[in-house]
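Engineer: Structure for this input, please:
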Amino acid sequence: MYALKLIVLLLAAFSQNSSAEEKEMTVYRSPTCGCCGKWLEHAKQSGFKINDVISEDMETIKARFGVPEKLASCHTAVVDGRVIEGHVPAADIQKLLQGTSKIAGIAAPGMPMGSPGMEMGGQQDAYKVVSFDKEGKFEVFAEHGIKQ
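Structural biologist: Have a look, this model is predicted:
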């Protein structure tokens, strides 16, 4: 009987933590981009609830959310009012959401090989995730595959 109560308590605690951590993310992407679908799966597996919006006019969406042209990639997501551009790892998104800074968004410019959704035969390019604010200021937010 004690074991059953313990299992019930553990399940209840797990379900509360899962729902508390799940964030809703709206992702805008082109209907012809396959890597965006792979990135969506990465985000889902990391606990994000995805609202998938297919659009033929990604330039307008990027402009609406203030994505700097230099940081543009293939898809744009919005979570908790913050913009996520391109193949940003979910851990970086979670780090962003925990902070209280004036960062408007983060981006993995271009389509770096080895980033989430861009896995191809084990190739891993070094890349940076860049933060941006509404005034146009950029800073390195995270580095991936870069040897120190």
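
Engineer: C-alpha coordinates for stretch 37-50, CSV please?
Structural biologist: Presented in CSV, the C-alpha positions along stretch 37-50 are these (Å, rounded to 0.1, in the frame of the first residue of the first chain):
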residue,chain,number,x,y,z
GLY,A,37,9.7,20.7,-39.1
LYS,A,38,12.7,19.0,-37.5
TRP,A,39,13.3,22.1,-35.3
LEU,A,40,9.6,22.0,-34.3
GLU,A,41,10.1,18.4,-33.1
HIS,A,42,13.1,19.5,-31.1
ALA,A,43,11.1,22.2,-29.4
LYS,A,44,8.2,19.8,-28.7
GLN,A,45,10.6,17.2,-27.2
SER,A,46,11.9,20.0,-25.0
GLY,A,47,8.5,20.7,-23.5
PHE,A,48,7.1,23.5,-25.7
LYS,A,49,3.5,23.4,-26.9
ILE,A,50,3.7,24.4,-30.6
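
Engineer: residues in contact with it?
Structural biologist: 18, 21-27, 29, 52, 75, 77, 79, 87, 89-91, 93-94, 116-119 (CB atoms under 8 Å, 6 or more residues apart in numbering). In short, each C-beta sits where N, CA and C put it, glycine included.

Engineer: Buried only: go through these for me.
Structural biologist: Neighbour-count burial (16 or more other CB atoms under 10 Å) is assigned, among the contacts of stretch 37-50, to 25, 27, 29, 75, 77, 79, 87, 89-90, 93, 116-118.

Engineer: okay if I get those as a markdown table plus pLDDT, distance to Glu56 and secondary structure?
Structural biologist: Shown next, in a markdown table, are those (pLDDT from 0 to 100; distance: CB to CB, whole Å; DSSP: H, G, I helix; E, B strand; the rest coil):
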| residue | pLDDT | distance to Glu56 | secondary structure |
| --- | --- | --- | --- |
| Met25 | 97 | 21 | strand |
| Val27 | 97 | 15 | strand |
| Arg29 | 94 | 11 | strand |
| His75 | 96 | 13 | strand |
| Ala77 | 98 | 18 | strand |
| Val79 | 97 | 23 | strand |
| His87 | 95 | 21 | coil |
| Pro89 | 97 | 27 | coil |
| Ala90 | 96 | 27 | helix |
| Ile93 | 97 | 26 | helix |
| Pro116 | 92 | 24 | coil |
| Gly117 | 90 | 20 | coil |
| Met118 | 90 | 22 | coil |
